[in-house]
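1. how would this look folded up:
(chains A and B)
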Amino acid sequence: MASVSLDHALILAAILFAIGFAGLLARRNLIVVLACIEIMLNAAGLAFVAAGARWGRADGQVMFLFVLAMAAAEVAVGLAIAIRFRQSLHSLDVDDADEMKG
Amino acid sequence: MTALFWIAAVVAVLSTLVVVTRTNLVHALLWLVVSLFAVAVVFYTLGAPFVAALEVIVYAGAIMMLFLFAVMLLNVRADSPVKVPGWAWVGPGILVALLLAELVYGLTRTSPSLAGAEVGPGAVSAALYGPYVLGVELASMLLLAALIGARHVAARARDELEAHEAFARGAAAFTPDDATLEHEPAEPAPAPDEEWPPAQTPPASPDGAWEGDA
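-> Numbering: from 1, shown residues only, chains lettered A, B, ... in the order given. Predicted structure coming up:
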């Protein structure tokens, strides 16, 4: 397994991050936007783990655990906001929320 | 192990591409589960089996289950297949292609090979409860805050939904029959979807059905 080089793993993380970023910019569905944020967080965690594996240390995996906890917290609040969004605006299109007082 | 890495990487990229382009919400989320499984295999090939297991358990298990519960709770079938126009991908595509090119350029300058040593759960736990124990405490505080916040937001939504339904029932009971149409009602019953949040005082129904329902 030593033949997988660090930049291959980091490029994979960059590609996944870029795909999630493109989806975040292009899609307007609130649930898909949250899923794209999950993709980007997962790619960042992959970069952490790859960098930790480069030096054979556990710190990268510890950082991934923190990213995981943050992603869980983010998605819980985000989906609660999505439920509120749907009930108050009767849609899931983020472009419908263009007023401060929804 | 290298072949495993590349196969999993290709599967991850392709399934993630499907996730962001699929308009059916449930299909997109199930493809995201495939992507997370592939990333878990990548973690395994990088010598991190503990994180690979957590990726499957927490990401693909708990978080995606939360997504699917939310989708089923929201009942998004009615407005889910919103077609994404092709031109919507042009600007983000160009920007992201530039970003990715810069990232790849920056990442390929040096090419150190990975150490190859597997870092098992023991070492991760020793680091987690050694120098990073403050981070664990902060993560628990963050999760508690998220739990309370999500409960607060969703509970307000449920209360307002109940008030909305009770308001709709009161408005439906207020429809005047033919005998009362001679004199106009002083205040016509508003449509249920007309105003949100609904007014605090429901319209008084002539037969007192509101009090019975409330």
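
2. what's the burial count for residue 87?
-> Since no chain was named, I'll use chain A. Counted with other CB atoms under 10 Å in any protein chain shown, residues neighbouring A:Gln87 total 18. The C-beta positions use only the backbone N, C-alpha and C, and glycine is treated the same way.

3. hmm, I had chain B in mind actually
-> Neighbour count of B:Trp87, defined by other CB under 10 Å: 8.

4. kindly report the same for B:Leu98.
-> With other CB under 10 Å as criterion, B:Leu98 counts 11.

5. element containing it, please.
-> Assigned by DSSP states H and E, B:Leu98 falls within helix B:90-107.

6. so which bits of that helix are buried?
-> By 16 or more other CB atoms under 10 Å in any protein chain shown, the buried positions in helix B:90-107 come out as B:92, B:96, B:100, B:103, B:107.

7. show me the contacts for B:Ala146.
-> By CB atoms under 8 Å, 6 or more residues apart in numbering or on different chains, the contact set of B:Ala146 is A:72-74, A:76-77.

8. so how far is A:Ala43 from it?
-> Noted for B:Ala146: a distance of 21 Å to A:Ala43, by CB to CB, to the nearest Å.

9. got it, and A:Ile19?
-> Taking CB to CB as the measure, A:Ile19 falls 8 Å from A:Ala43.

10. repeat that for B:Gly170.
-> Going from B:Gly170 to A:Ala43 by CB to CB gives 51 Å.

11. more crowded one of the two?
-> Remark: of B:Gly170 and A:Ala43, A:Ala43 carries more neighbours, 24 against 21, as counted by other CB under 10 Å.

12. the more buried one contacts A:Leu16, correct?
-> Yes. The pair A:Ala43 / A:Leu16 is scored as a contact, 3.8 Å apart, by CB atoms under 8 Å.

13. how close does B:Val13 sit to chain A?
-> The spacing between B:Val13 and chain A, counted by CB to the nearest CB, to the nearest Å, is 6 Å.

14. that residue contacts A:Ile15, correct?
-> Yes. With contacts defined as CB under 8 Å, B:Val13 counts as touching A:Ile15 at a distance of 5.5 Å.

15. not counting its neighbours along the chain, what's nearest B:Leu29?
-> Nearest non-adjacent residue to B:Leu29, counting by CB to CB, 6 or more residues apart in numbering or on different chains: B:Phe67, 5.2 Å away.

16. and that neighbour, how close does it get to B:Leu30?
-> 10 Å.

17. try A:Phe21
-> Distance from A:Phe21 to B:Leu30, by CB to CB: 22 Å.

18. who's more crowded, these two?
-> Using other CB under 10 Å, the more surrounded residue of A:Phe21 and B:Leu30 is A:Phe21, with 21 against 16.

19. chain B versus the more buried one, what's the distance?
-> As for A:Phe21, its distance to chain B is 5 Å (criterion: CB to the nearest CB).
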